[in-house]
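Student: Mind looking at a prediction? Sequence and model below.
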Amino acid sequence: MRFMIFKLETTDPKSRARTGVVKTAHGDIQTPIFMPVGTQGTVKAISQDQIEDDIKAQIILGNTYHLYLRPKTDIIAKAGGLHKFIKWDKPILTDSGGYQVYSLSDRRKIKEAGAYFSSHVDGSKHLFTPENVVDIQRVIGADIIMAFDECTPYPCDYNYAKKSLALTHRWLDRGIAQFDSTEPHYGYHQIWAPIVQGSTYTDLRKQSCEYVASRDRELNAIGGLSVGEPHHEMYAMTEVCTNILPEDKPRYLMGVGLPENILECIGLGIDMFDCVLPTRNARHGLLYTSEGVINIKNAKWADDFSPIDPNADNKFSLTYTKAYLKHLFKVNEMFGFTIASIHNLRFYLWLVETAREKIISGEFVAWKDALIPKLSQRL
């Protein structure tokens, strides 16, 4: 029996943008949504209270690869699952670790059985299979857990992409069999989501979308994008997928991306996003605002006592000035990372929340088209 219900609420008359609600065991998620990445059980430099109260996140991500290596699944199991371990009672999604294994190009081998890899922590040898990745995520206890797949690089030879896609589909069926034959560890329903692959080849993407759609799972994901391809190719492949993936299921575009990418892909019918950029770039002093991108380390901000972004719904952006934040970065104070990270994540959440409002009011396309040219300009 399917537990998660996706209620499609509104469709924009001038695009494929839509609003909806995703129901999970730990609460409802209003879409479109951006999900902060808490790779190792924490969103870097931010407390769970700040994630909930200041960022207003509805769901966060953990990563199977990292949590498997540290603190290890036996510790998470003793804690009663990741929710209890990190003191977070809202939804969690865990990536399968496929992307992390992909990134370990010099430390892994892809075989039919799965992915053999060496730990980046201590060099120890491990094997991820479609089956044991289900088991690991059962123990972690996320509300939404992802299939194990191979993420191909960009650029990718067509023949390799085709061979890889066939492997990902075989792994998908093995993952389904394992998921359907096992039970949750902590008494609540978990959702298992397949991932579309196919690089930037239209025929492979169509084939993968049709294969995934035929498996009739509760949520469908699109992977293998935002790995270096030009934005127009990302959008083209996303549109291929949203033309095929069923409208009555949530569509999750993995690892995307920049604010302008998110708005364009909302317009193509994507419901869910995640990316490390807002927090990773925050720690390097890059701030996303409604007027463009700020490098807070630049000298020009030293005596600028204006708020970080006076237009954003963000108390951290309004409370602290550019001059103060530049000072914190200059003297390497950790609080600077916290302010910048909260600002960026709250900006991303503000972006999808406003997109939702504009879809409902029928103003999404005009608002998007006016905002996007500002988002990428350097201030």
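Tutor: The structure has been received and is ready for your questions.
Student: remind me, longest helix of the protein?
Tutor: helix 334-361 (DSSP state H).
Student: centre of the chain versus that one, how much separation?
Tutor: 14 Å (C-alpha atoms, centre = their mean, to the nearest Å).
Student: average model confidence for that helix?
Tutor: Mean per-residue pLDDT for helix 334-361: 97.
Student: mind listing what's buried in that helix?
Tutor: Buried residues in helix 334-361, counted by 16 or more other C-beta atoms under 10 Å: 336-356, 358-359. Backbone N, C-alpha and C define where each C-beta goes, glycine included.
Student: any idea which helix or strand of this structure has the worst average confidence?
Tutor: helix 98-103 (a mean of 71; mean pLDDT, DSSP states H and E).
Student: how far away is the nearest residue to Ala282 once chain neighbours are set aside from Val293?
Tutor: Take Ala282 and drop its neighbours on the chain: the residue closest to it by C-beta to C-beta, 6 or more residues apart in numbering is Ala340, 3.8 Å away. Distance, Ala340 to Val293, by C-beta to C-beta, to the nearest Å: 12 Å.
Student: what's the answer for Gln178, then?
Tutor: In this view, Gln178 and Val293 are 43 Å apart by C-beta to C-beta.
Student: can you tell me how far the residue nearest to Ile59 when sequence neighbours are not counted sits from Ser118?
Tutor: Of all residues not flanking Ile59 in the chain, Pro91 sits nearest, at 4.1 Å (C-beta to C-beta, 6+ apart). Per C-beta to C-beta, Pro91 is found 32 Å from Ser118.
Student: who has more neighbours, these two?
Tutor: Pro91 (25 against 15; other C-beta atoms under 10 Å).
Student: quick one: the helices in the stretch 201-350 of the chain?
Tutor: 202-214, 231-242, 259-267, 277-282, 315-319, 322-330, 334-361 (DSSP state H, counting those that start in this stretch).
Student: got JSON lines for the ones you listed, with distance to Asp106 too?
Tutor: Putting these into JSON lines (distance: least, C-beta to C-beta, whole Å) gives the following:
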{"stretch": "helix 202-214", "distance to Asp106": "26"}
{"stretch": "helix 231-242", "distance to Asp106": "26"}
{"stretch": "helix 259-267", "distance to Asp106": "29"}
{"stretch": "helix 277-282", "distance to Asp106": "22"}
{"stretch": "helix 315-319", "distance to Asp106": "39"}
{"stretch": "helix 322-330", "distance to Asp106": "33"}
{"stretch": "helix 334-361", "distance to Asp106": "30"}
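Student: out of those helices, nearest to Gln377?
Tutor: With respect to Gln377, and counting by C-beta to C-beta, the nearest of the helices of the stretch 201-350 of the chain is helix 259-267 at 10.4 Å.
Student: Which strands and helices lie in contact with that closest one?
Tutor: helix 231-242, helix 334-361, helix 364-375 (3 or more C-beta pairs under 8 Å, 6 or more residues apart in numbering; DSSP states H and E).
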